[in-house]
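Chemist: This is a predicted model, with the sequence first.
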Amino acid sequence: MKKHRIKSTLFLLATIGLLTLSCKPKKATASTPAPAQTPSTVAANEKPKTTGKVSHEFAATGCGTVVIVQNPNGGDPQILIPSPQLGAFDVEGQQISFHYRPLKMKNPAGCMKGFPAELTDITKQ
């Protein structure tokens, strides 16, 4: 009875071993290089820019400059706290287009609304 159990266990382990060895991923063969990106393909892959208005409406609380992005669906606007500051684009009421990404950092003192964001590729409207 013990011999039968040992043989069954060995057979099971051998089967699992063979299955494991046969499930290896295939090695990559020589791949063809990716085509070079032309300006037209780069533009097609690029996300559209966001449009917003530079505002100092929260300056009294110590927040400084914010960019207000209107919600196209008529909801509450999105308030971005630019980090670093906007430089030459920091003009009250200035409409700007930009790409942004939210930053994982605390809001500056006095900024109760909005969230910090890095604005790139900024242009005047």
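Modeler: Looks like it came in fine.

Chemist: low-scoring stretches of this structure, by residue?
Modeler: 1-4, 17-45 (pLDDT under 70).

Chemist: Can you tell me the centre-most residue of it?
Modeler: R101 (6.5 Å; C-alpha atoms, centre = their mean).

Chemist: Return the list of strands paired to the helix or strand harbouring that residue, each annotated with direction.
Modeler: Here R101 sits within strand 95-102, counting by DSSP states H and E. Using DSSP bridges, the strands paired with strand 95-102 are strand 50-55 (antiparallel), strand 115-124 (antiparallel).

Chemist: Give the buried residues for the longest one.
Modeler: In this case it means strand 115-124. P116, A117, L119, I122 (16 or more other C-beta atoms under 10 Å). Every C-beta, even on glycine, is put in place using the N, C-alpha and C of the backbone.

Chemist: Can you give the distance of that strand from its chain's centre?
Modeler: 14 Å (C-alpha atoms, centre = their mean, to the nearest Å).

Chemist: A60 belongs to a helix?
Modeler: Yes - looking at A60 with DSSP: H, G, I helix; E, B strand; the rest coil, it is inside a helix.

Chemist: And for it, the neighbour number?
Modeler: Using other C-beta atoms under 10 Å, the number of residues around A60 comes to 8.

Chemist: ok, now how distant is the closest residue to V54 other than its chain neighbours from D121?
Modeler: Distance criterion C-beta to C-beta, 6 or more residues apart in numbering; nearest residue to V54, sequence neighbours excluded, is Q94 at 4.4 Å. With the distance defined as C-beta to C-beta, to the nearest Å, Q94 ends up 16 Å from D121.

Chemist: Which secondary structure element is home to K7?
Modeler: helix 2-22.

Chemist: follow-up on the earlier one: I figured the residue nearest to the centre of the chain hits E118, correct?
Modeler: Yes - judged on C-beta atoms under 8 Å, R101 makes contact with E118 at a distance of 5.3 Å.
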